[in-house]
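Colleague: prediction below, plus the sequence it came from.
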Amino acid sequence: MPIITNIKATEVLDSRGNPTVKATVYLDNGVIESAIVPSGASTGKREALELRDKDHRYCGKGVLKAVQNVNEIILNAVVGKSVFEQKNIDMIMQNLDATPNYSNLGANAVLGVSMAVARAAARALNVPLFRYIGGINASILPVPMFNIINGGEHANNSFDFQEFMIMPYGFDKFSDALRASVEIYHNLKKILDEAGHSTAVGDEGGFAPNLENNEAPIKIILQAIEKSGYKAGSDIKLALDVASSEFYKDGSYVMEGKEFSSDDMINYYESLCEKYPICSIEDGLSEDDWDGWKKLTQRLGSKVQLVGDDLFVTNEKILRDGITRGVGNAILIKPNQIGTVSQTMQTVRLAKRNGYKTIMSHRSGESEDSFIADFAVGLNTGQIKTGATSRSERNAKYNRLLEIENKTDEFLGNSI
């Protein structure tokens, strides 16, 4: 039974150049494994707390307090435990913090240790991380939600919606789906360049042009799909991350210089879905607009995947409330919104039991850590959001999924 002998956290940098926590777990059998915690820009107000130092270092964004919490408080509580006691270790950290949102230790401190423990346990058993997490039931490679145009909080440009994505549904293998998405991405760049638009990219690798409204990116993406030789609606579908909480003010949605009610927004989405092959809308309404969400679900829930991100923040209790109210039909899964591997798994189980789709997700501030790729396969989430293929911190996840497909084809096969 491998025992944890040491835990050490350090301050490293994420893809936006901001500090984050890297946690390393040491076992008595010589295994050493690490994990790096991501960080979000567009965050739900009910998310677990990301502890920042708020001093002169790194413009106040240092994480030395979180690092210290790992190296002193968490270390003393976890050393001597079996690395296979994931749920127990996660619960120890939860009880140590003793707040609903990890405001004492910091979710960035706790999650780093939680992920590193899971990775060390997998290494101790000499099995892939996804297999340790999901056992023989880990059998689905996720369809990527491929972010190719950025707006909102993820880019400094002119439109409100945060992400315009393609989903390659018409393929038998992950590698073919990824290839098609990459080809569309490159052709999109050519179209934007020829039209005189900027091909600078946002935090998640999608292009960030200045376009006239929220519908314009959809039209350009459809051109790129056609130029690449694929068929929109069958080979490739479209997905939106509206992130509407970012432009929800005093009970109204301030979009494109106008005010919209919840009903106006629902009508707008309905018209978009009638015109374009949109299969998923994330955070179409604000995290505070529960009545609006119920109407949205009643109107579009049978036709479109309605994803709660800011709404549910990977929180089992909030999701349970949403299920009771009949709100949404899918949930975005971000481990750092809730704090530990075990809590994330509990939320996924609840969603699946109640017929909600699950989408494993990165954050806008990422790293070379590919944990969520294994997590998506281990939990059979079926979908993954991890950005465009122009940034190596995003490609780390895609390359890991390619590796899983190549090494375990006999188990996973044609699973999309």
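Modeller: In hand now; what should we look at?
Colleague: quick one, helices of the stretch 51-200 of the chain?
Modeller: Applying DSSP state H, counting those that start in this stretch to the stretch 51-200 of the chain gives helices spanning 64-68, 75-78, 86-97, 107-125, 129-134, 174-194.
Colleague: which residues in the last one does the neighbour count mark as buried?
Modeller: By neighbour count with 16 or more other C-beta atoms under 10 Å, helix 174-194 contains the buried residues 174-175, 177-178, 180-185, 187-189, 191-192. Just so you know, the C-beta spots here come from the backbone N, C-alpha and C atoms, and that holds for glycine as well.
Colleague: next: the shortest one.
Modeller: Of all the residues in helix 75-78, those buried under the rule 16+ other C-beta under 10 Å are 75, 78.
Colleague: stretch 21-29 now?
Modeller: Result for stretch 21-29 [16+ other C-beta under 10 Å]: buried residues 21-27.
Colleague: CA atoms of it as PDB?
Modeller: Provided in PDB are the C-alpha atoms of stretch 21-29 (Å, rounded to 0.1, in the frame of the first residue of the first chain):
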ATOM      1  CA  VAL A  21       0.000  26.300  -7.900                       C
ATOM      2  CA  LYS A  22       2.000  23.200  -8.900                       C
ATOM      3  CA  ALA A  23       1.700  20.400  -6.300                       C
ATOM      4  CA  THR A  24       4.000  17.300  -6.100                       C
ATOM      5  CA  VAL A  25       3.200  14.200  -4.200                       C
ATOM      6  CA  TYR A  26       6.000  11.800  -3.100                       C
ATOM      7  CA  LEU A  27       5.400   8.100  -2.200                       C
ATOM      8  CA  ASP A  28       7.400   5.700  -0.200                       C
ATOM      9  CA  ASN A  29       7.900   3.400  -3.200                       C
END
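Colleague: hang on, the earlier thing: go through the buried residues of helix 174-194 and say which is closest to Lys61.
Modeller: Taking C-beta to C-beta as the measure, Tyr185 is the one of those closest to Lys61, at 30.3 Å.
Colleague: which residues does that closest one contact?
Modeller: 146, 148, 224, 388-390 (C-beta atoms under 8 Å, 6 or more residues apart in numbering).
Colleague: picking that back up, make TSV from the helices of the stretch 51-200 of the chain and add mean pLDDT and distance to Gly233 to it.
Modeller: As requested, those are exported to TSV (pLDDT from 0 to 100; distance: least, C-beta to C-beta, whole Å):
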stretch	mean pLDDT	distance to Gly233
helix 64-68	98	45
helix 75-78	98	50
helix 86-97	98	42
helix 107-125	98	38
helix 129-134	97	31
helix 174-194	97	14
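Colleague: quick one: closest of these to Leu311.
Modeller: Closest among the helices of the stretch 51-200 of the chain, using C-beta to C-beta: helix 107-125, at 18.3 Å.
Colleague: report the distance from the closest one to the chain centre.
Modeller: With C-alpha atoms, centre = their mean, to the nearest Å as the basis, helix 107-125 stands 18 Å off its chain's centre.
Colleague: buried sites along it?
Modeller: Neighbour-count burial for helix 107-125 [16+ other C-beta under 10 Å]: 107-124.
Colleague: now stretch 365-383
Modeller: 365-367, 369-383.
Colleague: dump stretch 171-180 to PDB, restricted to CA.
Modeller: Provided in PDB are the C-alpha atoms of stretch 171-180 (Å, rounded to 0.1, in the frame of the first residue of the first chain):
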ATOM      1  CA  PHE A 171     -16.600  11.100 -37.500                       C
ATOM      2  CA  ASP A 172     -15.800   7.600 -36.100                       C
ATOM      3  CA  LYS A 173     -12.500   8.400 -34.500                       C
ATOM      4  CA  PHE A 174     -11.200  11.200 -32.300                       C
ATOM      5  CA  SER A 175      -8.100  11.600 -34.600                       C
ATOM      6  CA  ASP A 176     -10.300  12.200 -37.700                       C
ATOM      7  CA  ALA A 177     -12.500  14.600 -35.800                       C
ATOM      8  CA  LEU A 178      -9.500  16.600 -34.600                       C
ATOM      9  CA  ARG A 179      -8.000  16.700 -38.100                       C
ATOM     10  CA  ALA A 180     -11.200  18.100 -39.500                       C
END
